[in-house]
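S.K.: I'll drop the sequence and a predicted model, then ask my questions.
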Amino acid sequence: VLKDTGFPKDFLWGGATAANQCEGGYKEAGRGLANVDVVPIGKDRLPIIAGLKKSLNFDEEHFYPAKEAIDMYHRYKDDIALFAEMGFKTYRLSIAWSRIFPNGDEKVPNEAGLKFYEEMFKECRKYGIEPLVTITHFDCPMHLITEYGSWRNRKLVEFYENLCQVIFNRYKGLVRYWLTFNEINMILHAPFMGAGLVFEADENQEQVKYQAAHHELVASAIATKIAHEVDPENKVGCMLAAGNYYPYTCKPEDVWKGMQEDRENYFFVDIQSRGEYPAYARKELERKGIEIKMEEGDLTLLKNNTVDFISFSYYSSRVASTDSKHNETEGNIFASTKNPYLEASEWGWQIDPLGLRITMNAMYDRYQKPLFIVENGLGAVDEPDENGYVKDDYRIDYLREHIKAMKEAIVEDGVELLGYTTWGCIDLVSAGTGEMKKRYGFIYVDRDNEGNGTLKRTKKKSFDWYKKVIATNGENL
Ligand code: BG6
């Protein structure tokens, strides 16, 4: 029997970003406005993200970091050259829907937007970098929100389908790996940010969220179908904000709670990967009085068009407890009980490398399909020294431990893993807080929370470290 000694030869090492968090250029070449543009930094951000407070345009009193972000729109060639220097095999990026369909409901796409991504993908290919493309990373054209109510409306499925037809045909041969919706479960926690949903005062929010989720799930199955029809080489993945729940104690009630919390997340992947509404979800929806309107053919469509691989983000494990005296973790959109055994980042996100191995095993046991870790990393404050150099040993430590855990899952447990893209390989705007100060990158970007700075790019210590990791295929950690 041959023993695996490490990462597969064709393992896809790389980094990940999202259009709205790095591109800027929010009005360039006919781009339309989107939900992600109008979310300001500051105390109003959370209620807006949650869909509880309306923000459908810019105002004078707030700062909107996505407008310019790190200006990758104009600097992508330099940025991709730096990724290539690190030896990236893949680069995960997202398409801004409103660059291609500024309003979302047009019949004819915006050529300038299509061209922009075509150039970007070609730039990747020039260096042998495989683009991994998220079709929607939290963004929804504003017109679809104001005119149709976003994903609560079935019409969105049609508009998304149109987008998919256009991009799969246009980028055939340039892109093979696709993700349909970034962190699809985010719709439950950050419905405006995740899916453009804004709630009315008296409506049943759960009802709206699950109906919108159904539309996204149907859209995801349609995307998978079209992707395979257009090019049988295409590989389509779902994408979950993952991190398994641990019961706080062995008290059966805590264990049961942990299982239920996990299922709230698995719900999405169960449908995208196994092709059916799971029994526990049908019962739970019924209990909550949530009725999902379906069209004829929806269930067959879901059944026949399951994903090729399972991708997910992992930052931390989570804890479930039935005892309200325990503290919650700070600063996380997914608030969870604090784990007394773990350290935390400056933003209160707890650090648990073994949790990654646990999560990978749980997902692989459940779905038996290749996994792809498409986000992982440490958001931290970086202080450049007098030469502008950042010695980010804390980031290296975080990544090293997670890569070790991931390697154990592959070598010791036999989990099939296609690749690993660290989050925010270049510093970018935080999705949760809107800050620039919360940095994840191997590349420092000179810009602060208020939008000051030269936008100059500088390699951090982790840049050379990650370069070596990739060059040795994970041997030299
Ligand atoms: C994920 C998102 O939730 O986590 C990213 O897919 C996001 O868009 C990342 O940036 C890190 O979260 P934050 O809030 O630190 O930016």
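M.R.: That came through fine.

S.K.: report how many residues lie close to residue 408.
M.R.: Using other C-beta atoms under 10 Å, residue 408 is surrounded by 17 other residues. The C-beta positions use only the backbone N, C-alpha and C, and glycine is treated the same way.

S.K.: you'd agree it is up against residue 357?
M.R.: Yes: look at residue 408 against residue 357 with C-beta atoms under 8 Å: they come within range, at 5.5 Å.

S.K.: now this structure against the ligand: closest residue?
M.R.: Nearest residue of the chain to the ligand, counting by C-beta to the nearest ligand atom: residue 432, 2.5 Å away.

S.K.: the ligand contacts on the stretch 351-477 of the chain?
M.R.: By C-beta under 6 Å from any ligand atom, the residues of the stretch 351-477 of the chain that approach the ligand are 375, 379, 423, 430-433, 438.

S.K.: bridged to the closest residue to residue 254 other than its chain neighbours, which residues?
M.R.: Take residue 254 and drop its neighbours on the chain: the residue closest to it by C-beta to C-beta, 6 or more residues apart in numbering is residue 247, 3.9 Å away. Listed beta-bridge partners, residue 247: residue 320 (assigned using DSSP bridges).

S.K.: next one: residue 247 from residue 322, what distance?
M.R.: 9 Å (C-beta to C-beta, to the nearest Å).

S.K.: name the residues contacting each of these two.
M.R.: 254, 257 (C-beta atoms under 8 Å, 6 or more residues apart in numbering).

S.K.: more neighbours: which of those two?
M.R.: Neighbours per residue, other C-beta under 10 Å: of residue 247 and residue 322, the larger number sits with residue 247, 20 against 17.

S.K.: touching, that one and residue 320? I think so.
M.R.: Yes: shown here, residue 247 and residue 320 form a contact pair, counting by C-beta under 8 Å, at 5.7 Å.

S.K.: okay, and the common contacts of these two?
M.R.: Taking C-beta under 8 Å, 6+ apart as the contact rule, residue 247 and residue 320 both touch 254, 257-258.

S.K.: any chance of those residues in a markdown table, plus distance to residue 413, pLDDT and neighbour count?
M.R.: Below are those laid out as a markdown table (distance: C-beta to C-beta, whole Å; pLDDT from 0 to 100; neighbours: other C-beta atoms under 10 Å):
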| residue | distance to residue 413 | pLDDT | neighbour count |
| --- | --- | --- | --- |
| 254 | 25 | 97 | 20 |
| 257 | 26 | 97 | 19 |
| 258 | 21 | 97 | 21 |
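
S.K.: nearest to residue 84 among these?
M.R.: residue 258 (42.4 Å; C-beta to C-beta).

S.K.: quick check: that closest one touching residue 245?
M.R.: Yes: if you go by C-beta under 8 Å, residue 258 and residue 245 touch, sitting 4.0 Å apart.

S.K.: where is the longest helix in the protein?
M.R.: The single longest helix within the chain, with elements called by DSSP state H, is helix 205-230.

S.K.: so which bits of it are buried?
M.R.: Under the neighbour-count criterion of 16 or more other C-beta atoms under 10 Å, helix 205-230 has 207-228, 230 buried.

S.K.: ok, now stretch 280-300?
M.R.: Under the neighbour-count criterion of 16+ other C-beta under 10 Å, stretch 280-300 has 281, 284-285, 290, 292, 298 buried.

S.K.: can you name the two of those residues that sit furthest apart?
M.R.: Among those, the pair separated by the greatest distance (C-beta to C-beta) is 284 and 298, at 18.9 Å.
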